[in-house]
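*Asks:* Give me the fold of what follows.
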Amino acid sequence: MKYAIYLLLSFFIIIAGCSKNNEILVTVDIDKYTINDFKDRLQFAPADDSLKKLEKINEFVNQILTIKAAREKGYENDPVVQAAYETNRKEVIWYGFYDEQLVKKIKIPDVEIRKIYEQMIDQYHLAQIVVSNESLAQYIGKELKRGVPFESLLKFSLDTLTQNGDIGSFGALSIPPELLEPLKRTKVGKATEPILFGDHFYILKIIEYKKLDTPKYSSVKENIKNRLMRDKLVNAVEKYIQELHKEAKIEYNQKGLDALIKPDSLITPEDLNTWVVKKYDTAFVFVKTIRDAVLNQYRRSFIEPKILIDQVLFPDLLYDKAIKVHAENHPEIKKRLKFTLEMLLYQKLYSDVVLDKASVESLEVVSYYKQYRDKYKDKKFDAIYTQLKIDARNAKVDSLRKSLFNELRLRYNPMINDRAIALLLKEEK
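*Replies:* This next block holds a predicted model:
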């Protein structure tokens, strides 16, 4: 289960700052769009300069104008848009529900981050005595309390590889908690009481303790926070999966699981009609419906079929739960659904007006070659025809794109707030 959770985390964990700036950026008729609306659609990259940022702001304006035009043309009722929206709607709901129920409920106080940081810069130089017998460990401990030198007791240690028991320096973060806690209570130059760790008893002497100058807290704070977030999320997801499984009465059929990875030569009609997993005592998944997909993944990764199914089952169970509690009415999820529909409207109109009209005939390729012959120098037409056709089409896309957006600007006359643009341009990278 934990393995499945870790696989999901690459998709799930999104830790991003949410701007509270509601400054109006663009006004189109009675519709107003804020800086936050811009950030919901587009993000500045760390390397973006002012010109690149302005291009993204311009792209945002183009998007909202295209969406407005698509609505006026009735694209919300377009079969392609409706089909795409239904395909995406389930994912938006279950992921939004996941975000609200699990991710956003996890808090990482600064004190926890600082604690991990202190362990990163705490450095212990240690020596050890290792024994397997408890009575011998207690004897060594008593001798140390009497003032017997640590070095004179090394003769009892099972560690014969290190010189004087010196095992080197370690960051506190890399020391197991069972050993670290006694070390924290021990002064430099002194040794801990015997500590049972695994099958042996350890007596650790602190040769030196120091705090490192690097890394600086500011440079690692976010990485530490993300790691703590991940660890807490793993535990939260594991617990939530168990609850969902119990609520949905999930049950696996070992015979069906075995049939999923049977060689083609041995699979039978009976195998194909065997159920693999069921939920709510009413919904069954049969071998024949998922065998090809599971077998393909299994041959590439050798991950057990049950784990592969769990990866798919978790979103399904989340969606079931989300629908049960009407999560689609949650403001944030409604916002995501609205955004999903708007992007589909944008893509459909853009495709109809630009991409679908950008096909290039052979004569257009010839004309393009003649117009930009210097660009291709001494290269022969036949040798670069494919590249020429690509370049000619890209040029046509650019032309149609500019024409579309210019027309929309003239039609809707968007009012852009210079103050909001200045705020965006001044944001730190």
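
*Asks:* Might you list the low-confidence residue ranges for the chain?
*Replies:* Residues of the chain meeting the criterion pLDDT under 70: 1-20, 428-429.

*Asks:* farthest residue from the center of it?
*Replies:* Relative to the centre of the chain, the most outlying C-alpha is that of Arg146, 55.6 Å out, by C-alpha atoms, centre = their mean.

*Asks:* Lys225 is in what secondary structure piece?
*Replies:* helix 217-248 (DSSP states H and E).

*Asks:* how about that helix: buried residues?
*Replies:* Taking 16 or more other C-beta atoms under 10 Å as the neighbour-count basis, helix 217-248 is seen to contain the buried residues 220-221, 224-225, 228-229, 232-234, 236-237, 240-241, 244-245, 248. (Glycine included, C-beta is placed from N, CA and C.)

*Asks:* and what of stretch 63-76?
*Replies:* When neighbours are counted by 16+ other C-beta under 10 Å, the buried residues of stretch 63-76 are found to be 63-70, 75.

*Asks:* Output these in TSV, with distance to Leu212 appended to each entry.
*Replies:* Rendered in TSV, the data for these read as follows (distance: C-beta to C-beta, whole Å):
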residue	distance to Leu212
Gln63	48
Ile64	50
Leu65	54
Thr66	54
Ile67	53
Lys68	57
Ala69	59
Ala70	57
Tyr75	59
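
*Asks:* Distance from the chain centre to the longest strand anywhere in the chain, please.
*Replies:* Using DSSP state E, we find that the single longest strand of the chain is strand 200-211. Remark: strand 200-211 is offset 38 Å from the chain centroid, using C-alpha atoms, centre = their mean, to the nearest Å.

*Asks:* For that strand, enumerate the helices and strands it packs against.
*Replies:* On a contact count with 3 or more C-beta pairs under 8 Å, 6 or more residues apart in numbering; DSSP states H and E, strand 200-211 meets strand 122-131, helix 134-145, helix 177-184, strand 195-197.

*Asks:* Need the contact partners of that strand.
*Replies:* Contacts with strand 200-211, where a contact means C-beta atoms under 8 Å, 6 or more residues apart in numbering, come from 121-134, 136-137, 140-141, 144, 150, 153, 158, 165-166, 169, 179, 182-183, 186-195.

*Asks:* List the contacts of Glu23.
*Replies:* Going by C-beta under 8 Å, 6+ apart, Glu23 touches 34-35, 417, 419-420, 423.

*Asks:* How much space separates it from Glu328?
*Replies:* Counting by C-beta to C-beta, to the nearest Å, the separation of Glu23 from Glu328 is 29 Å.

*Asks:* For the residue lying closest to Lys73 once chain neighbours are set aside, give me its contacts.
*Replies:* What sits nearest to Lys73 in space, not counting adjacent residues and going by C-beta to C-beta, 6 or more residues apart in numbering, is Leu349, at 7.0 Å. Taking C-beta under 8 Å, 6+ apart, we find Leu349 in contact with 66, 69-70, 73, 75.

*Asks:* Apply 7 Å and report the result again.
*Replies:* Listed by C-beta atoms under 7 Å, 6 or more residues apart in numbering, the contact set of Leu349 reads 66, 69-70, 75.

*Asks:* Ok, Gln119 next?
*Replies:* With C-beta under 7 Å, 6+ apart as the criterion, the residues that contact Gln119 are 171-173.

*Asks:* How far does stretch 72-90 sit from its chain's centre?
*Replies:* Distance of stretch 72-90 from the chain centroid (C-alpha atoms, centre = their mean) equals 27 Å.

*Asks:* sorry, that was for stretch 385-396
*Replies:* Mean-position distance between stretch 385-396 and its chain equals 36 Å (C-alpha atoms, centre = their mean).

*Asks:* Equivalent analysis for stretch 322-329, please.
*Replies:* Distance of stretch 322-329 from the chain centroid (C-alpha atoms, centre = their mean) equals 24 Å.

*Asks:* Show me which residues of that stretch are buried.
*Replies:* 322, 327-328.

*Asks:* With secondary structure added, can I get those in a markdown table?
*Replies:* Formatted as a markdown table, the entries for those read as follows, by DSSP: H, G, I helix; E, B strand; the rest coil:
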| residue | secondary structure |
| --- | --- |
| Ala322 | helix |
| Ala327 | helix |
| Glu328 | helix |
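
*Asks:* Arrange the residues you listed in CSV, one row each, with distance to Lys279 as further columns.
*Replies:* Compiled in CSV, the buried residues of stretch 322-329 are given as follows (distance: C-beta to C-beta, whole Å):
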residue, distance to Lys279
Ala322, 15
Ala327, 18
Glu328, 21
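
*Asks:* quick one: the strands in this protein?
*Replies:* Here the chain has its strands, by DSSP E, at 24-28, 31-34, 122-131, 166-171, 195-197, 200-211, 251-252, 275-279, 283-286, 415-416.
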